[in-house]
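A.B. asks: would you be able to build a 3D model of this:
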Amino acid sequence: MLDRFAFWDTSAIIPLFCNQVVSPESRRMRRRFNELTIWWGTHVEVYSGVNRLHREGIVNEIQLQASLGKWEKVYATARVVQPGDAVLGIGASLTSQYDIRAMDAFQLAAALVWCGERPRKRPFVCADKRLGEAAISAGFNVISLL
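C.D. replies: Prediction:
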């Protein structure tokens, strides 16, 4: 069933493990789209985001370790779009096409590589307004957590 698969931006993944306003919706989408496709750099982005929440006092040490442990289990089963010339080339072109920054360009480029550059309304789970708008313009069905 195609509905199990979705591309997940980091902005939608961190709320799976760290309580945020969009966490209930993120977890609901995780049950719907249980097979995550992610960009290669998402692993570092998740670690960075969760550690930032810890530094800001939003999650304590126990929550930090639990969140990263849960992420590692999800990451072990995720489909990972590897870096390569296609992601690099598409990502570079997206920065002039849409109002997005470099890391978001990599996310969107990876999603486009995942679907062979034919989004055809494939699901793109996201909690980032600017990236979501770009993904909609590119042809994805953005599942916005906002």
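
A.B. asks: going forward, measure contacts between C-alpha atoms and count neighbours the same way
C.D. replies: Fine.

A.B. asks: residues touching the longest helix anywhere in the chain, excluding its own?
C.D. replies: Longest helix of the chain, by residue count under DSSP state H: helix 61-77. The contact list for helix 61-77 (CA atoms under 8 Å, 6 or more residues apart in numbering) reads 17-18, 35-36, 43, 47, 50-51, 54.

A.B. asks: test my guess that residue 80 contacts residue 39.
C.D. replies: Yes: between residue 80 and residue 39 a contact is recorded at 5.6 Å, counting by CA atoms under 8 Å.

A.B. asks: so these two - more neighbours on which side?
C.D. replies: residue 39 (26 against 19; other CA atoms under 10 Å).

A.B. asks: skipping its backbone neighbours, what lies nearest that one in space?
C.D. replies: Nearest residue to residue 39 in three dimensions, chain neighbours excluded: residue 81, at 4.9 Å (CA to CA, 6 or more residues apart in numbering).

A.B. asks: quick one: the strands in this protein, in order.
C.D. replies: In the chain, the strands defined using DSSP state E lie at 5-8, 35-39, 79-81, 123-126, 141-144.

A.B. asks: direction included, what does the fourth one pair against?
C.D. replies: When sheet partners are counted by DSSP bridges, strand 123-126 sits next to strand 5-8 (parallel), strand 141-144 (parallel).

A.B. asks: do the same with the longest one
C.D. replies: Strands adjacent to strand 35-39 in the sheet, as given by DSSP bridges, are strand 5-8 (parallel), strand 79-81 (parallel).

A.B. asks: nearest to residue 100, out of these?
C.D. replies: Of all these, it is strand 5-8 that lies closest to residue 100, at 16.6 Å by CA to CA.

A.B. asks: return the set of buried residues in the closest one.
C.D. replies: By 16 or more other CA atoms under 10 Å, the buried positions in strand 5-8 come out as 5-8.

A.B. asks: what does stretch 117-124 give?
C.D. replies: 119, 122-124.
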